[in-house]
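Enquirer: need a structure here:
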Amino acid sequence: MELELKKLHDTVISIQEKIYYLREREEEMQELNRATNSRMGWFSFLSLLICPSVAGLQVWQWHLKTFFEKKKLI
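Expert: Residues are numbered from 1 along each chain as shown. Next up is the predicted model:
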């Protein structure tokens, strides 16, 4: 009887350790998820700034090209 109780106790301790480990891993993964979401937000914001800027530069370049072609400098 005592031997069975010892085995059960060891099993319970092992399960508790695994649960504690899994909770720690879950916290680490949640922190990683938060950091990734934050980076993706900043990347999206940066993309929103870069795309219109590039489009503006292309329009400006086209305008300058047509201007110089009209003046027959190109």
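Enquirer: Next one: the residue nearest the centre of the chain from residue 21, what distance?
Expert: Taking Cα atoms, centre = their mean as the criterion, residue 36 is the residue nearest the geometric centre of the chain, at 2.5 Å. Distance, residue 36 to residue 21, by Cβ to Cβ, to the nearest Å: 22 Å. Just so you know, the C-beta spots here come from the backbone N, C-alpha and C atoms, and that holds for glycine as well.
Enquirer: try residue 32
Expert: 16 Å.
Enquirer: for the strand or helix carrying residue 13, what is the average pLDDT?
Expert: Using DSSP states H and E, residue 13 sits in helix 2-70. Helix 2-70 carries an average pLDDT of 96.
Enquirer: Pull the distance from it to the chain's centre.
Expert: How far helix 2-70 lies from its chain's middle: 2 Å, per Cα atoms, centre = their mean, to the nearest Å.
Enquirer: sec struct for residue 73, please.
Expert: Put simply, residue 73 is coil when judged by DSSP: H, G, I helix; E, B strand; the rest coil.
Enquirer: That one: neighbour count?
Expert: For residue 73, the neighbour count with other Cβ atoms under 10 Å is 7.
Enquirer: Could you do residue 71 as well?
Expert: As a burial measure, residue 71 scores 8 neighbours (other Cβ under 10 Å).
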